[in-house]
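K.L.:
The following block contains a protein sequence and its predicted model.
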Amino acid sequence: PVSLVLDEDGTAVETEAFFRTLEEGTVLMALSKGQTWSASKTSGYQLSLSHKPPRRIDVACVTFDLYKTNPRDLGCLNIKATLYGTYSMSYDLRCYGAKRLMKEALRWTLFTMQATGHVLLGTSCYMQQLLDATEE
């Protein structure tokens, strides 16, 4: 036989009606025969990152997970969004290797510089033509 008690104060949960009145996220402790609940021996404040305020309706929940699949990789980012606790979507952004990433960054930088140079040359030629036309 197992008995359920509230983790925060040791109140026994004996009836289903009492169980239904508990708030979402309430921590329960299962005690086997002969075990008793005792208060936490650590004094001071205890911090829990997963504690939700009471009577709160979640509209959206966004989670970010950083992980590595290979020690040489920069890392990967997984973004997951859940709306109203029902609809969820996720996107996995993977960055493989710093060398490949730097090569792509340099390629885009060179392309941008080349395009800027073409725009400046075209603009200067057009301005020169305008200046020559106004002098005549």
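P.N.:
Structure's in. What do you need?
K.L.:
how many neighbours does I79 have?
P.N.:
Using other Cβ atoms under 10 Å as the criterion, I79 is surrounded by 13 other residues. Just so you know, the C-beta spots here come from the backbone N, C-alpha and C atoms, and that holds for glycine as well.
K.L.:
Just checking: what are the partner strands of the helix or strand harbouring it?
P.N.:
For I79, the enclosing helix or strand under DSSP states H and E is strand 75-83. Sheet pairing here is set by DSSP bridges, and for strand 75-83 it gives strand 60-67 (antiparallel), strand 87-95 (antiparallel).
K.L.:
Give me the distance from that strand to the chain's centre.
P.N.:
Going by Cα atoms, centre = their mean, to the nearest Å, the spacing between the C-alpha centre of strand 75-83 and its chain's C-alpha centre is 5 Å.
K.L.:
In that strand, which residues are buried?
P.N.:
Within strand 75-83, the residues scored as buried using 16 or more other Cβ atoms under 10 Å are 76, 82.
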